[in-house]
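S.K.: Build me a structure from this.
(chains A and B)
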Amino acid sequence: MIAWNECFDPTPLLRPSPPPAPKPQRTEAPPPVNAAEAAWRIRRILVPTDFSPCSVQATAQAAELARQHDATLTILHVIDRNPAAARTHLGTAESLMRQLWIMGIAKLRRLAQALAQKHTKTETRIVEGLPAETIVENCSGFDLLVIGEQRPKPVRRFFSKRTARRVMAQAECPVLLVHSGADPAGGSRAA
Amino acid sequence: METNECSLAVASNEAAARREWPLPKQREILVPIDFSEPSVTALRHARTLADGQKAHVILLNVVEEPGSFRTMDAVGQRRVRFEQRAERLQALADRELGPKVATRIEVREGKPATEITRLASRRHVDLIVVGQHSHRGLWRWVQGHTASKLSKTAPCPVLLLKGGHRLN
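M.R.: As a prediction, the model looks like this:
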């Protein structure tokens, strides 16, 4: 037979409880970090492109930023594993994918040459996969991701709104979203 | 043959892009601030961009809650709140941006996404830098999709930053 006070020691309850720890003051902002940490350096910029006007505009702005911050621009082209051209393509799947690869490489080379003429350090990368997922996978290690989004959607494009949205929600690095097309607010920015 | 066609298309797009950029020299960056950690992170990122481009930074706070009528001095209370917010913004700007960056303080009343878009289009802002709260699931419906709403409606490029982005 065990007495209740053998298995249950009431002394902690009888002892006066320690004073509660001072509640941390809820600051309205985190304390300023040290100087080395505070600077956000843009060294590597990733810009996924499908060569549509909006993504080329995004590339142009990324190149501008790269020049200002002396950063390396990486142009990523994702070859969609579910290509939109599959509906109208006559021939085998292999021939379609080969064609997409050839076209992608040629366009990417052309774009990289155009940027190299403007003294931008450029790398190119071409990957086959699902667009949003592949972009998110490839964005690690970059300081900025520049993505173009087409505002009005007359045609369902490769970079549909959905790709930009999903990249935006999932990407690890800061995302700069560049719109093209008509402004819903009405104030167009003519340069 | 096909390759040539594509490259021509790319070239014309390039030309279109060149017409759009570069932008006029004096640029303005809008940073909406709700005094939370992501928004302060956004401000720090905006400083980097402003340093690189000699840009103005506009700090905007949107007062969401309506004034209480209990004190029977709704107008005075509103004015006091606006002044308080402006002071806090000024303090934040002094601490985070320093004296080198030209800043401007704005306090508005209304729904955040609407007011930010309105100010951006009225002042022809070049870039909006927003901190994103990392709300997931149901909580996201309750609060915190100003950033994603903004990215749909904004008249200019939007830089989205998550709270967890480390500055290095």
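S.K.: gap between A:Asn138 and chain B?
M.R.: Distance, A:Asn138 to chain B, using C-beta to the nearest C-beta, to the nearest Å: 17 Å. Every residue, glycine included, has its C-beta placed from N, CA and C.
S.K.: ok now do that residue, which residues does it touch?
M.R.: The contact partners of A:Asn138, by C-beta atoms under 8 Å, 6 or more residues apart in numbering or on different chains, come to A:Leu46, A:Pro48, A:Leu76, A:Arg125, A:Val127.
S.K.: So A:Leu144 sits against A:Trp40, correct?
M.R.: No. Taking contacts as C-beta atoms under 8 Å, A:Leu144 lies outside contact range of A:Trp40: 9.1 Å.
S.K.: which neighbours does the one helix or strand B:Leu59 maps to have in its sheet, and in what orientation?
M.R.: Applying DSSP states H and E as the criterion places B:Leu59 in strand B:56-63. Strand pairing for strand B:56-63, determined by DSSP bridges: strand B:28-32 (parallel), strand B:103-109 (parallel).
S.K.: The helix or strand just after the first one close to chain A?
M.R.: Following the chain from strand B:28-32 toward its C-terminal end, the next helix or strand by DSSP H and E is helix B:37-53. Yes. Using C-beta under 8 Å from any C-beta of the partner chain, helix B:37-53 comes into contact with chain A via B:Glu37, B:Val40, B:Arg44, B:His45, B:Arg47, B:Thr48, B:Gly52, B:Gln53.
S.K.: Tabulate these (TSV), appending pLDDT, neighbour count and distance to B:Arg81.
M.R.: Below are the residues of helix B:37-53 next to chain A laid out as TSV (pLDDT from 0 to 100; neighbours: other C-beta atoms under 10 Å in any protein chain shown; distance: C-beta to C-beta, whole Å):
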residue	pLDDT	neighbour count	distance to B:Arg81
B:Glu37	80	15	22
B:Val40	85	22	20
B:Arg44	86	23	26
B:His45	85	22	28
B:Arg47	86	24	27
B:Thr48	82	18	31
B:Gly52	70	13	35
B:Gln53	71	19	33
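S.K.: Save those as CSV, and put in distance to B:Lys111 too.
M.R.: Shown next, in CSV, are the residues of helix B:37-53 next to chain A (distance: C-beta to C-beta, whole Å):
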residue, distance to B:Lys111
B:Glu37, 22
B:Val40, 22
B:Arg44, 26
B:His45, 24
B:Arg47, 27
B:Thr48, 29
B:Gly52, 32
B:Gln53, 30
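S.K.: returning to what we had before: within reach of chain B, which of the contacts of A:Asn138 are there?
M.R.: Counting by C-beta under 8 Å from any C-beta, no member of these reaches chain B.
S.K.: Please report which of the residues you listed has the highest neighbour count.
M.R.: A:Pro48 (28 neighbours; other C-beta atoms under 10 Å in any protein chain shown).
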